[in-house]
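S.K.: From the sequence below, what's the structure:
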Amino acid sequence: MSAHDDLHQTHTQPRTDLPPRQGAALDQVLQVASSLQSAMNSVIEGKPAAVRTVVTALLAEGHVLIEDVPGVGKTMLAKTLARCIDASVRRVQFTPDLLPSDITGVSVYNQDVRDFEFRAGAIFANVVVGDEINRASPKTQSALLESMEEAQVTVDGTTYSLPRPFMVLATQNPIEMEGTYPLPEAQRDRFMARISMGYPSARSEVDMLDQHGGRSPLEDLRPVTDAATVTQMIEAVRTVHTSQALKQYVVDVTQATRTSSALRLGASPRASLHLLRAARAHAALAGRDHVLPDDVQSVTIPVLAHRLMLTGESQLAHRSAADVLTDLLQRVRVPAPTR
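M.R.: Numbers count the residues shown, from 1 in each chain. The predicted model follows:
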């Protein structure tokens, strides 16, 4: 039996030494998250893994980049999550003529009070849906950097806090390059996870024709939670126990990407933090109050793959970042179980 299997068997049962309040909070996370995923799966046919990843990022207070070819439901997934939460939602259609002030806001002179007043931009919402983010200029893309990292916006020397929870769901098409501006590494690194929808199975596509052929199921979707509850869930996920050995395992995984001969650029320290947060959320969604190596491994590819740069040799060998990460996970030592 491997150390991984032993650890999994030793710690699958919830800890009994938790304060009652913490246990109740984690129970609420599991209950509300299950309702949220069920509602989203009723609209997004045959993509439970993508739905789960988005909900995981929501609970980990991260942002998601949905990257795939046109017509596979990228924007629909983002709109479905926004509809399921009774919170403020803004959609931004990224175009080449979009200005940074359209995102962050602008100070306008008010004749009545004879002073400047701030008019908030589209970023001031709980859920921001950014459609085709790579069609905006690099200057406009950079307007998101501060808000995605620090949940605040600075305009004319004044800093404004963004509402909580705050999440950016951005879509982009990686195939059509004409008229696009690829996201810089600093921007990609601020997204906690990247997912690809992929084409649905034939059965799911037939079901989609039945449900979406007439009236969109999104129109009948009702919120299953609200912003205050999501904020409480985020706080509860932060309390999920992570041992020092598991934290070291997270660091070992990210450091392995920095020394891999298959990569030109490995994962950043920010990626380690995102990996830990996502692993905690994954554990909470599994009904556990502690993190296992399984949780780290389950979220490694969506959290790390989009941050890595392959060497020329890897590209010529038609290897993807996911392939490299799969190999690294097999080589990185899994922590021994704690007794």
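
S.K.: Quick one: the strands in this protein, in order.
M.R.: For the chain, the strands defined by DSSP state E occupy 64-67, 85-86, 89-93, 105-110, 115-120, 127-131, 152-155, 158-161, 167-172, 193-195, 225-226, 263-265, 309-310.

S.K.: what's the closest of those strands to Pro217?
M.R.: Nearest to Pro217 among those is strand 85-86; the distance by Cβ to Cβ comes to 16.8 Å. All C-beta atoms are positioned from the backbone trio N, CA, C, and that covers glycine.

S.K.: mind listing what the closest one pairs with, with the direction of each?
M.R.: Strand pairing for strand 85-86, using DSSP bridges, gives strand 225-226 (parallel).

S.K.: can I assume Ala271 is in contact with Asp189?
M.R.: Yes. Ala271 is within contact range of Asp189, at 6.9 Å (criterion: Cβ atoms under 8 Å).

S.K.: Tell me which other helices or strands the lengthiest helix in the chain touches.
M.R.: Ranked by residue count and defined by DSSP state H, the top helix of the chain is helix 20-41. For helix 20-41, the helices and strands in contact under the criterion 3 or more Cβ pairs under 8 Å, 6 or more residues apart in numbering; DSSP states H and E are helix 48-59, helix 74-84, strand 225-226, helix 227-238, helix 269-285.

S.K.: Minimum distance to Lys139: which of the ones you listed has it?
M.R.: Each of those has some distance to Lys139 by Cβ to Cβ; the shortest is helix 269-285, at 22.5 Å.

S.K.: And the closest one, what's buried?
M.R.: 271-272, 274-285 (16 or more other Cβ atoms under 10 Å).

S.K.: Between those residues, which sits nearest Thr300?
M.R.: Scanning these for proximity to Thr300, where the rule is Cβ to Cβ, the winner is Leu275, at 6.7 Å.

S.K.: who's in contact with that closest one?
M.R.: Under the criterion of Cβ atoms under 8 Å, 6 or more residues apart in numbering, the neighbours of Leu275 are 250, 253-254, 267, 296, 299-300, 303-304.

S.K.: can you check Arg194 too?
M.R.: Applying Cβ under 8 Å, 6+ apart to Arg194 gives the contacts 64-67, 188, 302, 305-306.

S.K.: From Val108, how far out is it?
M.R.: 36 Å (Cβ to Cβ, to the nearest Å).

S.K.: Kindly report the same for Thr229.
M.R.: In terms of Cβ to Cβ, Thr229 sits 35 Å off from Val108.

S.K.: who has more neighbours, the two?
M.R.: Legend: neighbour count by other Cβ atoms under 10 Å for Thr229 and Val108, higher for Thr229 (17 against 9).

S.K.: buried ones in stretch 316-328?
M.R.: 321-325, 328.

S.K.: if we can go back for a sec, between Ala271 and Asp189, what contacts are shared?
M.R.: Joint contacts of Ala271 and Asp189 (Cβ under 8 Å, 6+ apart) are Arg307.

S.K.: ok, back up a step: could you dump the buried residues of helix 269-285 into TSV and include pLDDT?
M.R.: Shown next, in TSV, are the buried residues of helix 269-285 (pLDDT from 0 to 100):
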residue	pLDDT
Ala271	97
Ser272	97
His274	97
Leu275	97
Leu276	97
Arg277	97
Ala278	97
Ala279	97
Arg280	97
Ala281	97
His282	97
Ala283	96
Ala284	95
Leu285	95
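
S.K.: How about Ser161, nearest residue that isn't a chain neighbour?
M.R.: Distances taken as Cβ to Cβ, 6 or more residues apart in numbering place Gln152 nearest to Ser161, at 5.2 Å, with adjacent residues excluded.

S.K.: Next, count neighbours for the one you found.
M.R.: Using other Cβ under 10 Å, Gln152 is surrounded by 13 other residues.

S.K.: isn't it right up against Arg164?
M.R.: No. When contacts are counted by Cβ under 8 Å, Gln152 is not listed as touching Arg164 (11.2 Å).

S.K.: State the pLDDT value of His4.
M.R.: With respect to pLDDT, His4 scores 44.

S.K.: Same question for Ile123.
M.R.: 94.

S.K.: That one: neighbouring residues, count only.
M.R.: By the criterion of other Cβ under 10 Å, Ile123 has 24 neighbours.

S.K.: just to revisit the earlier point, kindly indicate which of the buried residues of helix 269-285 lies nearest Lys47.
M.R.: When those are compared for distance to Lys47 (Cβ to Cβ), Leu285 wins out at 16.1 Å.

S.K.: pLDDT weak spots in the stretch 101-250 of the chain?
M.R.: Across the stretch 101-250 of the chain, the ranges flagged by pLDDT under 70 are 176-177, 213-215.
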